[in-house]
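Student: What shape does this take:
(one chain, ligands or ions: 1)
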Amino acid sequence: MKKYAVCGVSNRALNMFLKPMVTTFRDHVDLVAVLDIDPRRFEVLHNEAPETKEVATYSDKEFDKLVEETKPDVVIVAGRDSTHVDYILAALEKDIDVITEKPMVTTAADCKRVLDAEKKSKGSVTVTFNARYPAIQRRIKELILEDKVGKITSVELNWYIDTHHGASYYKRWNRMRKFSGGLSIHKTTHHLDMVQWLIDQYPEEAFCYGTRNYYGSESPLNPSKKDGRHCSTCTEKAECAYYSRWSSRSSDAAPKDDHLGTIKEMRSGSNYTDYSPDMCIFDSEIDIEDTYSATVRFKKGAFLSYTANFSSPFEGYRLAINGTKGRIETQQIDCRGTYDIPPRGIDYYPLFGAKESILVVKGEGSHGGSDPLLQEDLFLGVDPKRPYEIMAASEAGAYSVALGEALWRSSETHQPINIDALINGDV
Ligand SMILES: NC(=O)c1ccc[n+]([C@@H]2O[C@H](COP(=O)([O-])OP(=O)(O)OC[C@H]3O[C@@H](n4cnc5c(N)ncnc54)[C@H](O)[C@@H]3O)[C@@H](O)[C@H]2O)c1
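Tutor: So this is what the prediction gives:
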């Protein structure tokens with residue numbers, strides 16, 4: 001049985017890795033160590049998963065000690081994005097395999113460091129892109145492999161992150177480029193990787209407009225220009241449309257989400273060390289964009305037209321893939337009960353001939369059923385019945401991060417950016 005250590009006892013680590021490792025997969029993996037900068041995280045872990053109480057705990061400075069004492073075969077990296085690079089490099093240096101949450105790292109320069117380190121190491125890097133796993137994505141991948149589209153000519157992708165989910169990024173560390181790389185890396189790495197995986201092409205050049213329209217102190221939705229407010233204690237929350245959308249004066253009915261979902265301690269905001277999940281979305285320290293519109297050319301000739309909006313009335317995406325033999329289209333939108341936009345499967349339009357509609361069987365579990373499948377691939381071995389590669393390596397991790405960086409950099413310079421040049425430090 002392989003021995004695993006987890007660096008970063010985050011909300012995501014708890015639900016995606018730690019709890020499943022000591023329950024569903026306990027006969028297949030041996031969790032030997034956890035590491036985090038905040039000891040309070042270990043208390044929460046022990047409360048949430050009492051089976052972990054005997055697992056060795058280490059502080060952020062004790063990676064070497066962790067390896068010496070517990071000798072892991074695999075290090076799972078799942079803390080704040082900006083911490084990934086250090087643990088990935090430290091593990092590779094010791095020839096240990098790495099499984100890292102997305103984004104692999106937060107800059108193109110760090111991508112190069114990881115790629116170079118991996119070449120010298122006996123260890124390898126896997127990036128957990130769960131956005132490849134939903135049933136819709138896997139069926140589209142199969143249709144492309146069945147040559148239904150022919151040579152892929154262009155992709156249209158519009159991603160909508162609703163006011164609740166979108167705002168959650170601006171309440172936490174994600175709102176600072178130095179911690180997350182900005183949302184063109186932290187979040188859109190999922191979308192950009194999904195495209196590069198579906199069409200089997202890496203990006204070559206990108207141009208983008210990106211700006212901040214909704215969040216930050218200059219937002220037209222900001223009730224007043226005051227820094228340092230927190231939702232839990234804010235005296236202006238009745239004037240805040242983002243807060244009032246989910247909460248009345250007497251109750252907070254905000255839906256659960258990825259980040260604040262399962263842990264009561266996080267929702268109250270005060271229990272972790274140097275960590276707040278409810279900082280004001282209108283603070284002036286916010287330094288990242290919330291709106292992108294990009295054009296990308298891929299290496300085998302496909303074009304991508306991509307938009308992302310982090311304050312949308314609904315959540316989801318519209319995707320179309322065009323080729324010399326046909327077009328695939330889907331729309332996956334969730335309105336949190338507000339509007340009625342009927343769910344759609346996949347529509348296939350051959351260039352000449354009748355349209356076909358495909359309904360897929362959706363999986364159970366978080367992120368549209370993707371997380372349980374990814375956990376099985378990680379801990380039981382990749383499903384041998386799946387006739388295509390789905391697990392992402394460092395190369396996909398690097399291209400998705402570098403493309404994300406190209407988006408925000410191009411927004412600033414108004415110039416197209418070559419992705420390989422960015423990775424190689426020539427931009
Ligand atoms: N694939 C997905 O669907 C998905 C969803 C959510 C989050 N994520 C990713 O998972 C990771 C965790 O995100 P989250 O929102 O759950 O995080 P979080 O805010 O819950 O936790 C961040 C953790 O990092 C720790 N940390 C900070 N500095 C550290 C250091 N120097 N060394 C070790 N630990 C340190 C914090 O103490 C905390 O435990 C991120 O990389 C995020 O991008 C992926």
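Student: pLDDT averaged over stretch 179-193 - what is it?
Tutor: Average pLDDT, stretch 179-193: 98.
Student: can you tell me how far residue 249 sits from the ligand?
Tutor: Computed with Cβ to the nearest ligand atom, to the nearest Å, the distance linking residue 249 and the ligand is 29 Å. Where you see a C-beta, it was placed from the backbone N, CA and C, and this is true even at glycine.
Student: burial count for that residue?
Tutor: Counted with other Cβ atoms under 10 Å, the neighbours of residue 249 add up to 7.
Student: Per-residue pLDDT of the residue nearest to it when sequence neighbours are not counted, please?
Tutor: Of all residues not flanking residue 249 in the chain, residue 238 sits nearest, at 6.4 Å (Cβ to Cβ, 6 or more residues apart in numbering). Per-residue confidence at residue 238 stands at 90 (pLDDT).
Student: go on, the one 4 residues further on?
Tutor: According to the per-residue confidence, residue 242 scores 94 in pLDDT.
Student: Ok, residue 427 next?
Tutor: pLDDT, the model's per-residue confidence, is 86 for residue 427.
Student: Make sure it is actually in contact with residue 405.
Tutor: No - with contact defined as Cβ atoms under 8 Å, residue 427 does not count as touching residue 405 (9.3 Å).
Student: Looking at these two, which is more packed in?
Tutor: Between residue 427 and residue 405, residue 405 has the larger neighbour count (other Cβ under 10 Å), namely 29 against 17.
Student: Pull the contacting residues for that one.
Tutor: Residue 405 makes contact with 107-108, 181, 184-185, 422, according to Cβ atoms under 8 Å, 6 or more residues apart in numbering.
Student: run the last query once more with 6 Å
Tutor: For residue 405, the contact set (Cβ atoms under 6 Å, 6 or more residues apart in numbering) comprises residue 108.
Student: Roughly how far does it sit from residue 111?
Tutor: Look at residue 405 and residue 111: by Cβ to Cβ, to the nearest Å, they are 9 Å apart.
Student: Show me which residues of the protein are close to the ligand?
Tutor: If contacts are counted using Cβ under 6 Å from any ligand atom, the residues of the chain sitting beside the ligand are 7-12, 35-38, 41, 60, 78-81, 83, 101-102, 130, 186, 258-259, 367.
Student: Give me the buried subset of those.
Tutor: Among the residues of the chain next to the ligand, the ones that count as buried by 16 or more other Cβ atoms under 10 Å are 7-12, 35-38, 41, 78-81, 83, 101-102, 130, 186, 259, 367.
Student: And stretch 285-292, how far out from the chain middle?
Tutor: Centroid displacement of stretch 285-292 relative to its chain, using Cα atoms, centre = their mean, to the nearest Å, is 17 Å.
Student: Stretch 28-45 too?
Tutor: Averaged over its C-alpha atoms, stretch 28-45 has a centre that lies 21 Å from its chain's centre (Cα atoms, centre = their mean).
Student: which residues touch whichever residue of the stretch 101-250 of the chain sits closest to the ligand?
Tutor: When distances are taken as Cβ to the nearest ligand atom, the stretch 101-250 of the chain reaches nearest to the ligand at residue 101, 3.8 Å away. Shown in contact with residue 101 (Cβ under 6 Å, 6+ apart): 78, 128.
Student: Dig out what it forms beta bridges with.
Tutor: Beta-bridge pairing of residue 101 under DSSP bridges involves residue 128.
Student: Which of the helices or strands spans the nearest residue to residue 24 once chain neighbours are set aside?
Tutor: In this structure, residue 24 finds its nearest non-sequential neighbour in residue 375, 7.3 Å apart by Cβ to Cβ, 6+ apart. Taking DSSP states H and E as the criterion, the element that holds residue 375 is helix 366-380.
Student: Tell me the gap between that helix and the middle of its chain.
Tutor: From the chain centre to the centre of helix 366-380 is a distance of 14 Å (Cα atoms, centre = their mean).
Student: What average pLDDT does that helix get?
Tutor: Helix 366-380 shows a mean pLDDT of 94 in the predicted model.
Student: Give me the contacts around the helix or strand following that helix.
Tutor: Secondary structure here is assigned by DSSP H and E; on that basis, the next helix or strand after helix 366-380 toward the C-terminus is strand 392-393. When contacts are taken as Cβ under 6 Å, 6+ apart, the neighbours of strand 392-393 outside the stretch itself are 127, 129.
Student: Strand 392-393 - which strands sit beside it in the sheet, and in what orientation?
Tutor: Taking DSSP bridges as the criterion, strand 392-393 pairs within the sheet with strand 125-128 (antiparallel).
Student: Quick check: buried residues in the helix or strand following the strand it pairs with?
Tutor: Remark: after strand 125-128, the chain's next helix or strand is helix 135-145, criterion DSSP H and E. Using 16+ other Cβ under 10 Å as the burial criterion, the residues of helix 135-145 that qualify are 135-141, 143-144.
Student: could the residues you listed be laid out in TSV, adding distance to residue 56?
Tutor: Output for the buried residues of helix 135-145, formatted as TSV (distance: Cβ to Cβ, whole Å):
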residue	distance to residue 56
135	38
136	41
137	37
138	37
139	42
140	43
141	40
143	47
144	45
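Student: Including pLDDT and distance to residue 343, could those residues go into TSV?
Tutor: Below are those laid out as TSV (pLDDT from 0 to 100; distance: Cβ to Cβ, whole Å):
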residue	pLDDT	distance to residue 343
135	95	12
136	96	10
137	97	15
138	96	17
139	97	14
140	98	15
141	98	20
143	98	18
144	98	22
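Student: Can you name the two of the residues you listed that sit furthest apart?
Tutor: 135 and 144 (15.2 Å; Cβ to Cβ).
Student: Run the chain-centre distance for stretch 96-109.
Tutor: Here stretch 96-109 is found 11 Å from its chain centre; the criterion is Cα atoms, centre = their mean.
Student: Keeping just the C-alphas, turn it into PDB.
Tutor: Taking only C-alpha atoms (Å, rounded to 0.1, in the frame of the first residue of the first chain), the coordinates of stretch 96-109 have been written out as PDB:
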ATOM      1  CA  ILE A  96       8.700  11.500  -4.500                       C
ATOM      2  CA  ASP A  97       5.600  11.500  -6.700                       C
ATOM      3  CA  VAL A  98       3.300  14.500  -6.500                       C
ATOM      4  CA  ILE A  99      -0.500  14.900  -6.900                       C
ATOM      5  CA  THR A 100      -1.400  18.600  -6.900                       C
ATOM      6  CA  GLU A 101      -4.600  20.500  -6.900                       C
ATOM      7  CA  LYS A 102      -5.100  22.900  -9.700                       C
ATOM      8  CA  PRO A 103      -3.600  25.400 -10.400                       C
ATOM      9  CA  MET A 104      -0.300  23.500 -10.400                       C
ATOM     10  CA  VAL A 105       1.400  26.800  -9.500                       C
ATOM     11  CA  THR A 106       0.600  30.400  -9.900                       C
ATOM     12  CA  THR A 107       3.100  31.700 -12.500                       C
ATOM     13  CA  ALA A 108       4.500  30.600 -15.800                       C
ATOM     14  CA  ALA A 109       8.000  31.000 -14.300                       C
END
